[in-house]
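Colleague: sequence unknown, structure follows:
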């Protein structure tokens, strides 16, 4: 356990907790600025099994925020390139790679196999699908988004917290994307760090933050926003804690 001695030195993480982390499986959907760093942090923290899913290839414009990849990875599969780096980081972590999109055909199976799901996507349609499947399979997931100098994160736990459809009742026709408005490369690490911390809490059975974490790095603004559960929510309205 010497690898994790600085982690288990924390009052919050015992050696038993570390063994629990080692026994868990995390599904990471999307391996861009969020998912790539998230996968690295989880492997370094000692998570036993990571499943990576992304269909994109590495482009030059990705490199300013894909911290685990470099110019040698240009043109290669993000999922495969990330997996190769992770295996060099921690050989004890099992890595599964899916070079495909997360969709209605594979979504339920992938979520069902995971203890925690982490959102590294860049579009709301995929997030709504993650939300729907996670509620159905009773699997917690950690939402994360960033654009410009702004980032947000929320931990969704079925039967205990609101779901994404409570937070965003209607699917917007369009939302701002990094290609349009840009992104500062210091933003994804903040969101990813928050996501991973909440995921580790979930794996250890600890209480997670039940508010939306929002920040604007340029404005030095950080705040927690209350998200209320909607009793008439079409996705989680009938879900109650056992």
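Modeller: Yes, it's here. Just so it is clear, the structure is predicted and the values come from calculations on it, not from any experiment. Residues are numbered from 1 along each chain as shown.

Colleague: and the average pLDDT for the longest helix seen in the chain is what?
Modeller: Secondary structure of the chain per DSSP state H: the longest helix is helix 187-204. Mean pLDDT, computed over helix 187-204, is 98.

Colleague: strands paired with the next helix or strand after that helix, and their directions?
Modeller: Where DSSP states H and E defines the elements, the next helix or strand beyond helix 187-204 is strand 211-216. With DSSP bridges as the test, strand 211-216 is paired with strand 150-156 (antiparallel), strand 221-226 (antiparallel).

Colleague: not counting the shortest one itself, show me its contacts.
Modeller: Outside strand 221-226, the residues that touch it by CB atoms under 8 Å, 6 or more residues apart in numbering are 209, 211, 212, 213, 214, 215. The C-beta positions use only the backbone N, C-alpha and C, and glycine is treated the same way.

Colleague: where in the protein is pLDDT low?
Modeller: Residues of the chain that meet the criterion pLDDT under 70 lie in 1, 170-180, 239-242.

Colleague: all strands for it, in order.
Modeller: With strands called from DSSP state E, the chain shows them at 25-29, 49-53, 94-98, 116-119, 141-147, 150-156, 211-216, 221-226.

Colleague: elements contacting the fifth one?
Modeller: Pointing back at strand 141-147 there. helix 33-45, strand 116-119, helix 124-137, strand 150-156, helix 187-204 (3 or more CB pairs under 8 Å, 6 or more residues apart in numbering; DSSP states H and E).

Colleague: can you list contacts of the longest helix of the chain?
Modeller: 13, 17, 20-21, 24, 26, 32-34, 37-38, 41-42, 45, 47, 65, 67, 115-116, 118-119, 140, 142, 144-146, 148-153, 155, 157, 207-209, 213, 215, 217.

Colleague: okay, buried residues for that helix please.
Modeller: Neighbour-count burial for helix 187-204 flags 187-192, 194-204 (criterion: 16 or more other CB atoms under 10 Å).

Colleague: mind checking how far that helix is from the chain centre?
Modeller: Distance, stretch centre to chain centre, for helix 187-204: 7 Å (CA atoms, centre = their mean, to the nearest Å).

Colleague: with stretch 52-60 instead?
Modeller: 16 Å.

Colleague: repeat that for stretch 48-55.
Modeller: For stretch 48-55, the distance to the chain centre is 11 Å (CA atoms, centre = their mean).

Colleague: quick one on the thing from earlier: can you flag the buried ones in the contacts of helix 187-204?
Modeller: Judged by 16+ other CB under 10 Å, buried ones among the contacts of helix 187-204: 13, 17, 20-21, 24, 26, 32-34, 37-38, 41-42, 45, 47, 65, 67, 115-116, 118-119, 140, 142, 144-146, 148-153, 155, 157, 208, 213, 215, 217.

Colleague: contact partners for the spatially closest residue to residue 56 that is not a sequence neighbour?
Modeller: In space, and not counting its chain neighbours, residue 56 is closest to residue 78: 5.1 Å by CB to CB, 6 or more residues apart in numbering. By CB under 8 Å, 6+ apart, the contact set of residue 78 is 31, 32, 36, 54, 56, 57, 58, 62, 66, 69.
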